[in-house]
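Visitor: Got a predicted model here, sequence first, then my questions.
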Amino acid sequence: MSEGAAQDRHKFDEAALARWMEAHVEGYAGPLAVEKFAGGQSNPTFRLTTPGRTYVMRRKPAGLVHSSAHAVDREFRVLDALGAQGFPVPRVFALCTDDAVIGSMFYVMDCVPGRVFSNPTLPELSPAERAAAFDSMNETIARLHAIDVDQAGLGDYGRPGNYVERQVARFSRQYREDELAGRSEAMDRLIEWLPANMPANTESRRLVHGDFKVDNVMFHPAEPRIIAVLDWELSTLGDPLADFAYNVMVWRTPPEAGNSLMGDARLPGLPSEEEYVAAYCRRTGRSGIPDLSFYVAFNMFRLAAILHGIIGRTLRGNASNAQSHEVAKRFHPLAEAAWQQALRAERER
């Protein structure tokens with residue numbers, strides 16, 4: 001699909017949006033200018049600019065999507081709850097569940113001024129700033145996993161128990177159902193291996209982000225500290241070790257499979273995987289994470305399944321990002337990397 005065609009597919013009635021914001025967003029005053037953010041594979045995201053304030057809108061994409069995916073109403077709920085807890089998230093203003101307004105469900109939140117880095121090696125920063133930025137990520141995810149979900153009003157935000165098992169089943173089903181996107185021998189092996197090799201004791205009632213990585217957090221404009229965590233689409237109640245392993249995955253991801261801290265990617269100031277894991281364990285009162293390789297294999301499998309879905313959406317013509325066919329090239333290398341982590345987990349037993 002051409003970039004122009006992709007842009008056309010995401011167009012909507014901007015006047016209708018402006019009328020809705022005037023009625024539902026406290027303090028809104030037009031005129032309104034709309035611009036789609038580049039990147040992003042799931043829920044299309046837009047900058048909404050007015051003379052007095054800038055907002056961000058996240059909407060459910062048009063076209064055929066998985067029934068359990070793109071739940072922007074869940075994103076709105078968790079952001080609202082976390083903001084009340086003082087956790088660093090953007091302020092949310094209003095949710096629209098009426099598809100008639102712009103063609104799909106959406107919500108509007110504050111546009112937080114800050115920096116988002118796409119490269120996990122953080123080449124823009126000094127060694128001391130890199131170290132501080134990674135420590136801020138570590139502290140933030142540990143803080144997330146310490147939240148009392150009942151006190152936050154999120155006690156029913158996900159089904160209790162068996163988080164990893166349910167995630168494996170969900171993404172296995174999505175992978176198998178999308179025959180148009182093709183098959184991978186590594187994925188087929190993982191679909192059998194993961195359920196048979198679950199850790200004996202898993203936690204499943206902590207709030208997990210599901211996609212916690214450097215380009216999903218906003219850093220202060222001038223300081224190496226996180227001021228907002230973004231993109232909560234995959235959040236639920238689940239296993240904090242699985243969530244943390246996703247954050248750690250970058251140390252084990254080969255460059256051809258995506259963002260990587262392996263080999264030559266390392267720069268001065270970046271912590272080692274061992275240092276990063278030890279810091280999280282200190283903050284959460286753990287003695288270690290003996291099943292880390294299993295959790296990394298699981299997360300690589302899950303991300304590969306998401307990339308597989310992008311392949312399918314690209315072939316159907318309703319992927320969010322015009323460059324999604326390039327992202328889809330990571331699918332096979334990542335699936336193979338996941339299988340290698342499974343083999344590593346077996347060796348470490």
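Guide: It's in.

Visitor: Which helix or strand contains Y107?
Guide: Counting by DSSP states H and E, the element that carries Y107 is strand 106-110.

Visitor: That strand packs against which elements?
Guide: In this structure, strand 106-110 packs against strand 54-59, helix 72-84, strand 92-96, with contacts taken as 3 or more C-beta pairs under 8 Å, 6 or more residues apart in numbering; DSSP states H and E. For glycine as for every other residue, the C-beta is placed from the backbone atoms N, C-alpha and C.

Visitor: which of the ones you listed is buried the deepest?
Guide: strand 54-59 (a mean of 22; mean count of other C-beta atoms under 10 Å).

Visitor: From the chain's centroid, how far away is that strand?
Guide: 17 Å (C-alpha atoms, centre = their mean, to the nearest Å).

Visitor: Next SSE downstream of the strand holding Y107?
Guide: Sequence order places helix 127-145 as the next helix or strand after strand 106-110, per DSSP H and E.

Visitor: who's in contact with that following helix?
Guide: With C-beta atoms under 8 Å, 6 or more residues apart in numbering as the test, helix 127-145 has contacts from 87-88, 121-122, 125, 206-209, 212, 214, 217, 219, 224-226, 229, 240, 243-244, 247, 267-271, 276, 279-280, 283-284.

Visitor: average pLDDT across it?
Guide: Mean per-residue pLDDT for helix 127-145: 98.

Visitor: in it, what counts as buried?
Guide: 129-138, 140-145 (16 or more other C-beta atoms under 10 Å).

Visitor: in the stretch 151-300 of the chain, which spans are helices?
Guide: 163-177, 185-196, 240-248, 273-284, 292-316 (DSSP state H, counting those that start in this stretch).

Visitor: At the geometric centre of this protein, which residue do we find?
Guide: D211 (2.8 Å; C-alpha atoms, centre = their mean).

Visitor: Now that one: phi and psi?
Guide: Torsion angles at D211 (phi, psi; degrees, to the nearest 10) stand at phi -150, psi 40.

Visitor: my guess is it meets L234, correct?
Guide: Yes - contact criterion C-beta atoms under 8 Å: D211 and L234 qualify, at 5.0 Å.

Visitor: what about this structure, any weak spots by pLDDT?
Guide: Within the chain, the segments meeting pLDDT under 70 span 1-10, 39-42, 62-70, 264-265, 318-324.

Visitor: and with 50 instead?
Guide: For the chain, the stretches flagged by pLDDT under 50 are 1-6, 41, 64-67.

Visitor: So F46 belongs to a strand, correct?
Guide: Yes - membership of F46 in a strand is supported by DSSP: H, G, I helix; E, B strand; the rest coil.

Visitor: Hmm, K36 and it touching each other?
Guide: Yes - here F46 reaches K36: they are 5.2 Å apart, a contact under C-beta under 8 Å.

Visitor: So which of these two has more stuff around it?
Guide: Of the pair F46 and K36, F46 is the one with more neighbours under other C-beta atoms under 10 Å, namely 21 against 18.

Visitor: Quick check: nearest residue in space to the more buried one, chain neighbours excluded?
Guide: Nearest residue to F46, sequence neighbours excluded (C-beta to C-beta, 6 or more residues apart in numbering): M57, at 4.6 Å.

Visitor: mind listing what the one you found touches?
Guide: Contacts of M57 by C-beta under 8 Å, 6+ apart are L17, T45, F46, L48, F106, Y107, V108, M109.

Visitor: which one of those residues sits closest to E346?
Guide: Distance to E346 across the contacts of M57 (C-beta to C-beta) is lowest for T45, with 39.9 Å.
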